[in-house]
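Enquirer: after the sequence you'll find the predicted model.
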Amino acid sequence: MPKSHKHHLIIECFRANSGIYHVTQAQWAAAARRHKALGKRVTATIVWDRDGIDKALKTADMMITVNPPRERLRERAPRLKWIQNRGAGINHLMPLDWLPDDIVLTNNRGAHGAKCEDYCTMALLMLATHMPAFMAQQHARQWKAAFSAPIAGKTAVVIGFGDLGSAAGRAAKKLGMKVIAVTRSGKAGKPADAAYKVSRLDSMLPKADFVVVATPLTQKTRGLMTRERLALLKPGAALINVGRAPLVDYDALRDMLNGGKLAGAMLDVHDPEPLPADSPIWTTPNLIVTPHVSCDNPRYMDLLLDRWFENFARFAAGKPLLNQVDRKLGY
């Protein structure tokens, strides 16, 4: 493409989505100024509802979205070459049989680690110091002392060691904990003290004082933490889920918390979301619910646009894009 060519980008900001995932015209203009040379080569159309998307698709080269149109996509978008998923997970888009072979799909992995590290630090400390029980006692106006040992020296088993898992590992390590990573390959970089393949998960779980579930949701990881695997955890262990809800058998987790077989849990991901008001999860003892906020911050879309422009430089130069999704693995 000659440098004078103007690329057309669609930014999907449906009003039903949370406001932190919206991009205003002013936000886009500011991002284009931060990347001045590249910004001059892009015309952006911000779409706020489904009604406006078909007209924009007719001339779009690129799209930023969380829910791309799938039916007859090539017919409706003859020029489309690149879809940027707004988040890291693409389990909601699988299988990718709707995606034409010549359209590249990228995700936003690598953007969530800093916030996730803060969240996991908080979660580990809250669970280690009986805060779920103390919060329940406060609402019941009860005074029951429960003492806890220092968290240093305890063991965190982190399932998945990508952006989120590594963040959980950093959180545990700075608290003086031992970090065991469980990954598909059996390999993990710092700050893991040891790494094992997922086939060794059953032998790692009894070692855990804390389990942090941070792996992507795929066909192979769905239901990974079964009732049988949760039963391998020692009394007093706790679980944190920042991945996806279907990775863990929540009914079994509730049973173990109700029976006092686990010390506590903090769940940031749920199915469905929002969590229904009549869900028994709300009233499960020693369980803290957070509304899918562990990894995003109010500047999420500003940061995404900066990362997008970095990749757009590669797109405009005909180079391979970063964060391309593996169509078979689903991440």
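Expert: Looks like it came in fine.
Enquirer: C-alpha from now on. contacts and neighbour counts both.
Expert: OK.
Enquirer: report pLDDT for Lys3.
Expert: pLDDT for Lys3: 51.
Enquirer: next: Tyr331.
Expert: 81.
Enquirer: tell me the contacts of it?
Expert: Each residue near Tyr331 by Cα atoms under 8 Å, 6 or more residues apart in numbering is listed here: Ala88, Gly89, Ile90, Asn107, Pro216, Val325.
Enquirer: if you set the cut-off to 6 Å instead, what comes out?
Expert: Val325 (Cα atoms under 6 Å, 6 or more residues apart in numbering).
Enquirer: ranges for the strands of the stretch 1-150 of the chain?
Expert: 7-12, 42-47, 62-65, 82-85, 104-106 (DSSP state E, counting those that start in this stretch).
Enquirer: JSON lines for the ones you listed, including mean neighbour count and distance to His139?
Expert: Listed next are the strands of the stretch 1-150 of the chain as JSON lines, based on neighbours: other Cα atoms under 10 Å; distance: least, Cα to Cα, whole Å:
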{"stretch": "strand 7-12", "mean neighbour count": "22", "distance to His139": "42"}
{"stretch": "strand 42-47", "mean neighbour count": "19", "distance to His139": "44"}
{"stretch": "strand 62-65", "mean neighbour count": "23", "distance to His139": "41"}
{"stretch": "strand 82-85", "mean neighbour count": "22", "distance to His139": "41"}
{"stretch": "strand 104-106", "mean neighbour count": "22", "distance to His139": "45"}
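Enquirer: tabulate those strands in CSV, adding columns for distance to Asp251 and mean pLDDT.
Expert: Shown next, in CSV, are the strands of the stretch 1-150 of the chain (distance: least, Cα to Cα, whole Å; pLDDT from 0 to 100):
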stretch, distance to Asp251, mean pLDDT
strand 7-12, 35, 96
strand 42-47, 39, 96
strand 62-65, 32, 97
strand 82-85, 31, 98
strand 104-106, 34, 97
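Enquirer: and Gly165, how close does it get to Gly189?
Expert: 11 Å (Cα to Cα, to the nearest Å).
Enquirer: those two: who's more crowded?
Expert: Gly165 (30 against 12; other Cα atoms under 10 Å).
Enquirer: which residues touch the lowest-mean-pLDDT helix or strand in the chain?
Expert: Ranking every helix and strand in the chain by mean pLDDT, DSSP states H and E puts helix 53-57 at the bottom, with a mean of 93. In this structure, residues lying in contact with helix 53-57 by Cα under 6 Å, 6+ apart are Ala77.
Enquirer: give me the buried positions along that helix.
Expert: Applying a neighbour-count criterion of 16 or more other Cα atoms under 10 Å, one finds Ile53, Ala56, Leu57 buried in helix 53-57.
Enquirer: and the protein, what are its domains?
Expert: 7-111+298-316, 113-289 (automatic domain parsing).
Enquirer: which of the ones you listed sits most buried?
Expert: domain 113-289 (a mean of 19; mean count of other Cα atoms under 10 Å).
Enquirer: first-to-last residue distance for it?
Expert: Termini of domain 113-289 sit 20 Å apart (Cα to Cα).
Enquirer: and for stretch 193-202?
Expert: 18 Å.
Enquirer: same question, stretch 82-94
Expert: 17 Å.
Enquirer: just the pLDDT at Ser18, thanks.
Expert: For Ser18, the predicted pLDDT is 76.
Enquirer: got a list of what it touches?
Expert: Going by Cα under 6 Å, 6+ apart, the list of residues near Ser18 is empty.
Enquirer: how about the nearest residue to Phe315, chain neighbours excluded?
Expert: Of all residues not flanking Phe315 in the chain, Leu321 sits nearest, at 6.5 Å (Cα to Cα, 6 or more residues apart in numbering).
Enquirer: circling back: dump the domains of the chain into CSV; add distance to Gly330 as well.
Expert: As requested, the domains of the chain are exported to CSV (distance: least, Cα to Cα, whole Å):
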stretch, distance to Gly330
domain 7-111+298-316, 7
domain 113-289, 6
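Enquirer: ok, of those domains, where does mean pLDDT dip lowest?
Expert: domain 7-111+298-316 (a mean of 94).
Enquirer: start to end distance for that domain?
Expert: OK, domain 7-111+298-316 end separation, Cα to Cα: 9 Å.
Enquirer: for stretch 224-232, same thing?
Expert: Stretch 224-232 has its terminal residues 13 Å apart, counting by Cα to Cα.
Enquirer: quick one: contacts of that stretch?
Expert: For stretch 224-232, using Cα under 6 Å, 6+ apart, the contacting residues are Pro206, Leu247, Val248, Asp249, Ala252.
Enquirer: the first one against Leu233, yeah?
Expert: Yes. Judged on Cα atoms under 6 Å, Pro206 makes contact with Leu233 at a distance of 4.9 Å.
Enquirer: how about the helices of the chain, start to end?
Expert: Remark: helices assigned in the chain by DSSP state H are 25-34, 36-39, 53-57, 73-76, 113-128, 131-140, 163-174, 201-204, 227-230, 250-258, 300-316.
Enquirer: quick one, phi psi at the residue nearest to Phe315?
Expert: Main-chain torsions, Leu321, degrees, to the nearest 10: phi -80, psi 150.
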